[in-house]
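Colleague: Fold the stuff below for me.
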Amino acid sequence: MDYKQLVADVVADAVDNQVSSSDIYAKIETPKTAQNGDLAFPAFMLAKAMHQNPKIIAEQIASEINTDAFAQVKAVGPYVNFFLNQGQVSAQVLETVLTEKDHYGDNHDGDNGVVTIDMSSPNIAKPMSMGHLRSTVIGNSIAKILTKNGYRPIKDNHLGDWGTQFGKLITAYLKWGNEEDVKRDPIHYLVKYYVEFHQRDEQDPALDEEAREWFKKLEDGDPEAVKLWKWFRDVSLKAFNQTYKKLGVDFDTYNGESFYNDKLQDVVDTLKKDGLLEKSQGASVVDLSDQDLNPALILKTDGASLYVTRDIATAIYRDETYHPVMNLYVVGSEQTYYFKQLKAVLQKMGLQSAAGLHHVPFGLITVNGKKLSTRHGNIVLLNEVLDESVKMAAQQIKEKNPTLSNQQQVAEEVGVGAVIFGDLKNSRIDSIDFNLQDQLKFEGETGPYVQYAHARAESVLAKAGKRDYQAGNHQLTGDEAWEIVKLLQSFPAVVKKANAEFEPSVIAKYSLRLAKAFNKYYAHTKILTDDEQLDARLALVKSVSIILKESLRLLGVQAPDEM
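Modeller: Now for the predicted structure:
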């Protein structure tokens, strides 16, 4: 039951619907302290309509409301404070969670609409560094959240497998490369060549011109350029997939930039036909001055394509293939202006899905205070961080629970989960400084803390033995149990909020609150005492276990039953 809606309805009735329940609903608050109730309505908004002091209005409303759903309704100054009936509400919430299980919080808001998610998108011939973590795990979590809200996400790993960097890499390989080295350790040596190119081109500008020529050859189908490019792509994908497997992330398509190479001329022809393409200093652009934006550069003076050319082709392909209701681009916040330009061009072209294009930006990730850059050789490899995290988790688990039977599996779930949760607990727009040791702690705002709360709940249930958790009327009272019940009751609203804001941190922060509330309850309550409340307490623990596991799943994190 939506108790907030119930409050809105009874307040509207009490004032003879002089203000609609939907307007009242928008103003209902959650008091900061339990002594002021569970929900509160500020009567200020009624003062004008009722021509009375808000304090008097609050007193009138409180005196007229009489329903079993509330244990108490009282006016405090201009506020009407509502105290819910703890026993009745707890029974309803627990019954719903135990019936719906991991589907609790599912809704059909998305009406089965397709949402494409442009995410991860590493560059070929470069290793996946910690810089790739955010787009990958944020996009993966958003896809899970969208599914829970009734959408059909399509995760598209739009690989950076085209562009001038391949001209640079081919140039570097032909000048300083060695085939045997690349076969032995492909990513390491390809990055080495790329870094060397950028070190040398500062003193030798002619290298840049040579690189541009090689990329033009690649676009024109030169056999040597294409052969090298395919080789670089194949060895890179093999390495990427090892990392994705560890993260538990998969994709619906790997259509990289190269996939759209034969579609670029159609983009140019369409822009010309629509009268949108203009010449500017020898280059071809789309004027966006009516949107207060700089021109979008479509073709360089030598006729070579750019990111935006390929992104336009990509958007058209997705529109025609998937008919999406939304197109999400999970890309760093430094690209915000670029996506404004892309959306403006697509809208001028009349693309049906252009209105649903959303840039989902995120802040920078640094590691121990240092910015990451492949070009300057400052790389922290994501694969190595995941391996180190698993190793550290294994050591902790060995110390805490040496008799655990599946220590390695749990170490992988905890170690990888710590890295993912360590990112997603932050509002995505915030820049974060990643510290592995901090993320692996079993206390504080970490993934292992939430995982351990879930394992603790499962331990209690295991000791209680098999039971029919849905049997009986699970009425609970008491501040600590009530705090958990209210958190469980709010989960569907949390799911909707995370979806509306494309914000996994809403789920992560919720899971931390629920884990903290459960640990407090566990510390102060003898759960397994055999009395008339035993079944109700176990129903509460089972519900917590279900929702903690589901919250972690929505983040892409596993929930071990033992730790």
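
Colleague: To what extent is Asp220 buried, counted in neighbours?
Modeller: A count of neighbours around Asp220, defined by other CB atoms under 10 Å, yields 9. C-beta coordinates here come from the backbone N, C-alpha and C atoms, glycine included.

Colleague: I meant Leu293, not that one.
Modeller: Around Leu293 there are 16 residues (other CB under 10 Å).

Colleague: Glu59 is in what secondary structure piece?
Modeller: helix 54-64 (DSSP states H and E).

Colleague: buried sites along that helix?
Modeller: Buried residues in helix 54-64, counted by 16 or more other CB atoms under 10 Å: Pro54, Ile57, Ala58, Glu59, Gln60, Ile61, Ala62.

Colleague: Likewise for stretch 15-34?
Modeller: Val15, Val19, Ser21, Ile24, Tyr25, Lys27, Ile28, Pro31.

Colleague: Out of these, which is nearest to Ala143?
Modeller: Checking these against Ala143 with CB to CB, the nearest one is Tyr25 at 30.1 Å.

Colleague: In contact with the closest one, which residues?
Modeller: By CB atoms under 8 Å, 6 or more residues apart in numbering, the contact set of Tyr25 is Lys4, Gln5, Val7, Ala8.

Colleague: what about the nearest residue to Pro78 once chain neighbours are set aside, distance to Val80?
Modeller: Using CB to CB, 6 or more residues apart in numbering and skipping the chain neighbours, the partner closest in space to Pro78 is Pro54 (3.6 Å). Between Pro54 and Val80 the computed distance is 10 Å (CB to CB, to the nearest Å).

Colleague: about what we covered before: specify which member of the contacts of Tyr25 is nearest to Glu219.
Modeller: Lys4 (57.4 Å).

Colleague: which residue sits closest to the closest one, ignoring its sequence neighbours?
Modeller: Nearest to Lys4 is Ile28, by CB to CB, 6+ apart, at 5.3 Å.

Colleague: now swap in Gly87 and tell me
Modeller: Closest to Gly87 by CB to CB, 6+ apart is Gln475, at 3.5 Å.

Colleague: which stretches of this protein aren't confidently modelled?
Modeller: 372-378 (pLDDT under 70).

Colleague: repeat that for 50
Modeller: Of all residues in the chain, none has pLDDT under 50.

Colleague: Domain-wise, how is it divided?
Modeller: 3-84, 382-555 (automatic domain parsing).

Colleague: re earlier: most neighbours of all the contacts of Tyr25, which one?
Modeller: Counting neighbours by other CB under 10 Å, Val7 leads these with 25 neighbours.

Colleague: Need the three-state assignment for that residue.
Modeller: Under DSSP: H, G, I helix; E, B strand; the rest coil, the three-state class of Val7 is helix.

Colleague: List the contacts of it.
Modeller: Residues near Val7 by CB under 8 Å, 6+ apart: Ile24, Tyr25, Ile28, Leu39, Phe41, Phe82.

Colleague: Regarding this structure, what is its longest helix?
Modeller: For the chain, the helix with the greatest residue count under DSSP state H is helix 223-247.

Colleague: if we look at that one, which residues are touching it?
Modeller: 120, 122, 124-128, 136-137, 140, 159, 161, 166, 169-170, 173, 182, 186-187, 190, 214, 217-218, 250-251, 254, 256, 258, 382-383, 386, 412, 416, 420, 556.

Colleague: Make a PyMOL selection of the buried ones in those residues.
Modeller: Restricted to buried positions by 16+ other CB under 10 Å, the PyMOL selection for these reads:
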select buried, resi 120+122+124+125+126+127+128+136+137+140+159+161+166+169+170+173+182+186+187+190+214+217+218+251+254+256+258+382+383+386+412+416+420+556
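
Colleague: How many residues are close by Gly444?
Modeller: The burial count for Gly444: 10, using other CB under 10 Å.

Colleague: Need the nearest residue in space to Cys149, chain neighbours excluded.
Modeller: Wrong residue type there; residue 149 is Asn, not Cys. With CB to CB, 6+ apart as the criterion, Asn149 has its nearest non-adjacent residue at 4.2 Å, and that residue is Asn499.

Colleague: circling back: with the buried residues of stretch 15-34 in mind, which one is nearest to Arg318?
Modeller: Closest to Arg318, out of all of these and judged by CB to CB, is Tyr25, at 36.7 Å.

Colleague: picking that back up, how about the longest helix of the chain: buried residues?
Modeller: For helix 223-247, by 16+ other CB under 10 Å, it's 225, 228-229, 231-233, 235-237, 239-240, 243-244, 246-247.

Colleague: Quick check: phi and psi on Tyr522?
Modeller: phi -60, psi -40 (degrees, to the nearest 10).

Colleague: just Leu436 next, same as before
Modeller: For Leu436, the backbone dihedrals (degrees, to the nearest 10) come out as phi -60, psi -40.

Colleague: just the one 10 residues further on next, same as before
Modeller: Dihedral pair for Thr446: phi -130, psi 160, per degrees, to the nearest 10.

Colleague: Would you check how far apart it and Val380 are?
Modeller: 20 Å.

Colleague: And Tyr25, by the same measure?
Modeller: For Tyr25 relative to Val380 (CB to CB), the value is 47 Å.

Colleague: Which element, helix or strand, includes Asp433?
Modeller: Using DSSP H and E, Asp433 falls within strand 432-434.

Colleague: ditto for Phe83
Modeller: strand 79-84.

Colleague: which is the next helix or strand following that strand?
Modeller: Following strand 79-84 in sequence, per DSSP H and E, is helix 86-100.

Colleague: who's Phe83 bridged to?
Modeller: In this entry, Phe83 is beta-bridged to Gln72, by DSSP bridges.

Colleague: and it, how far is that from Ala523?
Modeller: Counting by CB to CB, the gap from Phe83 to Ala523 is 25 Å.
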